[in-house]
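A.B. asks: Sequence and predicted model, in that order:
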Amino acid sequence: MTASNPLLDTAGLPQFDRIAPEHVAPAMDVLLAEADAALTRVTAADFPADWREIAKVLDVATERLGRSWGAVSHLNSVADTPELRAAYNAALPRVTEFWTHLGSNEQLYAKYKAIDPASLNAEQRQAHSNALRNFVLGGAELQGAAKERYAAIQERQAEVSQKFSENTLDATDSFALYVAPAELAGVPQDVVDAACAAADKDGKAGQAKLTLKMPSYLPVMQFADSSALRERLYKAYTTRASDQAEGEAQKYDNTALMSEILALRHEEAKLLGYDNFAQVSVVPKMAESPEKVIAFLRDLAAKAKPFAEKDLADLREFARKELGLSGPLNAWDIPYLSEKLKEARYSFSEQEVKQYFTAPKVLAGLFKIIETLFEVNIRKDEAPVWHPAVEFYRIERNGQLVGQFYLDPPARAGKRGGAWMDDVVGRWLRPDTGQLQTPVAHLVCNFAEGVNGKPPLLTHDDVITLFHEFGHGLHHMLTQVNERDVSGISGVEWDAVELPSQFMENFCWEWSVLQHMTQHVDSGEPLPRALFDKMLAAKNFQSGLQTLRQIEFALFDMRLHAEHDPTLDFMPLLHEVRAEVAVLQPPSFNRMAHTFSHIFSGGYAAGYYSYKWAEVLSADAYAAFEETADAHGQPSIETGRRYRQAILEAGGSRPALESFKAFRGREPNLDALLRHQGMA
């Protein structure tokens, strides 16, 4: 088994087409044993306290384990099956136990402390400094029972977070509503066609299948004329994985898991000598304290609230005048009314715009801006993949390979929702071979598929999502740092990691860029300038409401980890946060928190504020491009080069603020963000 196990071949790219659930346990047996042996070797008394020597033995073994387990975790996210899930869950405690043991190992910590920083180059010094900090956060200074309890907490947290993630996926996948196509009046034809095709596939000819996956759910909420239908979907969506779910779906209730996760995090913080988990979370971030974050969010909320109140007043007035609705607005009517108001005010609809964003053309346009701005070439490449829809590409500069990436755009069953970038391998001047390893990334989205032989159509929001994830990918792939732990996104403060992703979103609003990435699905015509001007006029439509929604999530997350007693119900805190910052109060059955994967299973615990924090950085960074664009709005190659060198290539090799100042020549300020969102 060992000789033919694809998870043990870590020399090249993962063999996604060959990896099967039965490979997981035997591969982990071998790789965990190798990593354990490497740890024993470098912690022996006679092993030198030397950065390169430790890397040659330990980092090589742990990178091999990380690569292989990364492939299993990735498949668990994008191609979940009962068999793979069982194999993943069986191995998870063992893998978690190893990483916890590694991060809290006293002998290894002592070795690192004994390394002379003067013997290291600048990149290694940053990685060494991060490592010492991480040992402390990883429990390396704990003793006896406290250390054992810390390890048990990590293992249990991994299990409970994984179960949270599974419940969220299963609750989403298990819902299906079959309706007569006539009930979908108002819904775009391509969405109706896709729903009918899905029903056909399930043996329900003549019906339309609605799901809680975004390509199905969102267009119904925005366009379906039937308020009753929108209400059914809204209720199913906002009660997913909660005590409010209907019937059978209650078995996916995440309530108890969430309380346990919060209790475990609180206990971990106490063991490490902190008052709460929020304090632990901000140690490796730019923000200095939970209080500073909360003050930042409240300041932004105060600036955004008048705009949000105006947004809501406009919506109520429109509903009263144009549609004769005089009472309070229902939560399931808001997206529909907003779409109608937007159409009335700006004379266009998202559906009209979508016809111009065919996926192949959008991708070609995205590649063109990346190639021009960052002086690279993107080419199709070959690699084993996990699904026929996945494509593989390479990025080159002057004929030299810089990085590679997998692109997996469509939504499907067994694939978790949302969009994300994940690393496959990081850039590393390998200590064992002396060879330079180039970075590889996963770029994953959940877009609608094409219907009736036509290419997939993206909404403008989908286009923004694609650019966002590519920003993360470029941060990972364009790095020029040779030290693995600080190359690309590794070692970058979590609240600065969204800078390159949010930076890229700005290009989706530039005419000079959009001209090259649009083509009407039927006529082949590019996006008309008049329609673009309407989109631009509508760019900040309801930006006050959207800003407050993000602040609500971020403030709930931070206060949940800074102030909340984990033995108590967390829903009153969510109501309190909403009462403070929101202008729209959702119905009492709404359980948004129960599928808040970012903070319960996605690494953003007491860190969701990062999106808003980094948006200040990204808006200010983009302002440099606005200041140097030519008369036609074309971005300056010179500014692109400076940005690439100061931010993307530097990766985590220095503090994010230093990288920002290297690019901008000063500290960031809030003005550009408020201006970009029409709230100046």
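C.D. replies: In hand now; what should we look at? Quantities reported herein were computed from a predicted structural model and do not represent experimental measurements.
A.B. asks: Spatially central residue in this structure, please.
C.D. replies: What sits nearest the mean C-alpha location of the chain, by C-alpha atoms, centre = their mean, is Trp420, with 4.1 Å.
A.B. asks: and the top strand by length along the chain, what does it pack onto?
C.D. replies: Counting residues, the longest strand found in the chain (DSSP state E) is strand 400-410. On a contact count with 3 or more C-beta pairs under 8 Å, 6 or more residues apart in numbering; DSSP states H and E, strand 400-410 meets strand 391-397, strand 440-447, helix 460-477. Yep, even glycine has a C-beta here, placed from its N, CA and C like the rest.
A.B. asks: Need the contact partners of the first one.
C.D. replies: The contact list for strand 391-397 (C-beta atoms under 8 Å, 6 or more residues apart in numbering) reads 375-383, 385, 401-407, 477-478.
A.B. asks: Could you write me a ChimeraX select line covering just the buried ones among those?
C.D. replies: Remark: buried members of the contacts of strand 391-397, expressed as a ChimeraX selection using 16 or more other C-beta atoms under 10 Å:
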select :376,378,383,385,402,403,404,405,406,407,477,478
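A.B. asks: who's the residue nearest to the centre of the chain bridged to?
C.D. replies: Judged by DSSP bridges, the bridge partners of Trp420 are Val444.
A.B. asks: In space, what's closest to Pro668 - neighbours in sequence excluded?
C.D. replies: Nearest residue to Pro668, sequence neighbours excluded (C-beta to C-beta, 6 or more residues apart in numbering): Asp620, at 4.5 Å.
A.B. asks: show me what contacts that neighbour?
C.D. replies: Counting by C-beta under 8 Å, 6+ apart, Asp620 touches Phe660, Arg664, Pro668, Asn669, Asp671, Ala672, Leu673.
A.B. asks: Most neighbours among those residues, please name it.
C.D. replies: In terms of neighbour count, Leu673 stands highest of these at 24 neighbours, by other C-beta atoms under 10 Å.
A.B. asks: three-state assignment of that one?
C.D. replies: Put simply, Leu673 is helix when judged by DSSP: H, G, I helix; E, B strand; the rest coil.
A.B. asks: from memory it sits against Ala614, does it?
C.D. replies: No - using C-beta atoms under 8 Å, Leu673 is not in contact with Ala614, being 10.2 Å away.
A.B. asks: Could you chop the chain up by domain?
C.D. replies: 6-119, 176-239, 359-539+611-676 (automatic domain parsing).
A.B. asks: Please name whichever of the ones you listed is nearest to Ser161.
C.D. replies: domain 6-119 (9.7 Å; C-beta to C-beta).
A.B. asks: what's the span of that closest one from first residue to last?
C.D. replies: In domain 6-119, first residue to last residue: 38 Å (C-alpha to C-alpha, to the nearest Å).
A.B. asks: Could you pull out the buried residues of stretch 649-666?
C.D. replies: Residues of stretch 649-666 classed as buried by neighbour count (16+ other C-beta under 10 Å): Glu649, Ala650, Gly651, Gly652, Ser653, Arg654, Ala656, Ser659, Phe660, Phe663, Arg664.
A.B. asks: whoops, I mixed them up, stretch 411-424
C.D. replies: Ala411, Gly414, Lys415, Arg416, Gly417, Ala419, Trp420, Met421, Asp422, Asp423, Val424.
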